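A.B. asks: Quick check, what structure comes out for this input:
(4 chains)
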There are 2 protein chains.
Amino acid sequence: MLEEPLALDRMFQALSDQSRRGMIDRLGNGPASVTELAQPFAMALPTVMKHLQVLESSGLVLSEKSGRVRTYHLRKEALASVERWITERKAAWNRSFDRLDQFLTDTSTETIAK
Amino acid sequence: MLEEPLALDRMFQALSDQSRRGMIDRLGNGPASVTELAQPFAMALPTVMKHLQVLESSGLVLSEKSGRVRTYHLRKEALASVERWITERKAAWNRSFDRLDQFLTDTSTETIAK
DNA sequence: TGAATAGTTACCCAATTGGGTAACTATTCC
DNA sequence: GGAATAGTTACCCAATTGGGTAACTATTCA
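C.D. replies: Have a look, this model is predicted:
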């Protein structure tokens, strides 16, 4: 339950690059090899590999190699933990709005009560 | 409706640092000055300012200065656009699961039909 | 008006990042 | 066994990042 802050660091970092988000989108359609993932990008293969390593070390993606082909696939639970961070914040913000509402209500009631 | 990719880059980048996420958490409780935001951190003020500038240029946060005090506050709509990116992906993934389900169903029906 | 406060600017520095080439190691196919 | 394919390793490079110090400019308060 205790979210590792460094893991979140790496996930947000991994998501902060358009190309990497593109690779995640591609993987949303199912597993793919390095070459398939590289195909839409005007990048040298080793550069693509670095992006994939960033994604894998963030935990958003996994790979295993069979023969000469390495296949990547999504780890949806990881994306879920990013989502959790966001929804927790939204919840907290709404709570503090509620407190403000309450304060305003109390204040105007008092004013009326005078 | 067309999400600016570079804006997302900057938001995810801004969220990829624990200290910056801490400042966002603090701002969830209401607006705060630079000094207040700096208080929990063992960082020099100019370092804190850089974090705040990263947050502001990502659009997650806004500030205005009155007298000698600069006050920061959240821009919740911005966090919402990060959230949107994530929920869109989740939706897409579920759709591709549905297709897989359909495929498996069709296949087993065929097999039975033989 | 002078001291204290709040923030800002101008730099410095090492580590990381996102891009690249060249050369290499498996695997697989004819 | 040799060529083609898929990926990997070892480097290089400039720009960015996350930290810092020193010195400065408002503002506000006594």
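A.B. asks: all strands for chain A, in order.
C.D. replies: A:32-33, A:61-66, A:69-74 (DSSP state E).
A.B. asks: how distant is the first one from the center of its chain?
C.D. replies: The chain centre lies 21 Å from the centre of strand A:32-33; the measure is Cα atoms, centre = their mean, to the nearest Å.
A.B. asks: hmm, stretch A:25-33 touching DNA strand C?
C.D. replies: No - applying Cβ under 7 Å from any atom of the strand, one finds stretch A:25-33 out of contact with DNA strand C, separated by at least 12.0 Å. All C-beta spots, glycine's among them, are computed from the backbone N, C-alpha and C.
A.B. asks: Which of the strands of chain A sits closest to residue A:55?
C.D. replies: strand A:61-66 (4.2 Å; Cβ to Cβ).
A.B. asks: before we move on, the earlier item: which one, of the strands of chain A, ends up nearest to residue B:93?
C.D. replies: Nearest of the strands of chain A (Cβ to Cβ): strand A:69-74, 7.1 Å.
A.B. asks: so what's the residue of chain A found nearest DNA strand C up against?
C.D. replies: Residue nearest to DNA strand C within chain A: residue A:67 (2.2 Å; Cβ to the nearest atom of the strand). If you count contacts by Cβ atoms under 8 Å, 6 or more residues apart in numbering or on different chains, residue A:67 has none.
A.B. asks: and it, what are its phi and psi?
C.D. replies: With angles defined as degrees, to the nearest 10, residue A:67 sits at phi 60, psi -130.
A.B. asks: Same check on residue A:17?
C.D. replies: Torsion angles, degrees, to the nearest 10, at residue A:17: phi -120, psi 130.
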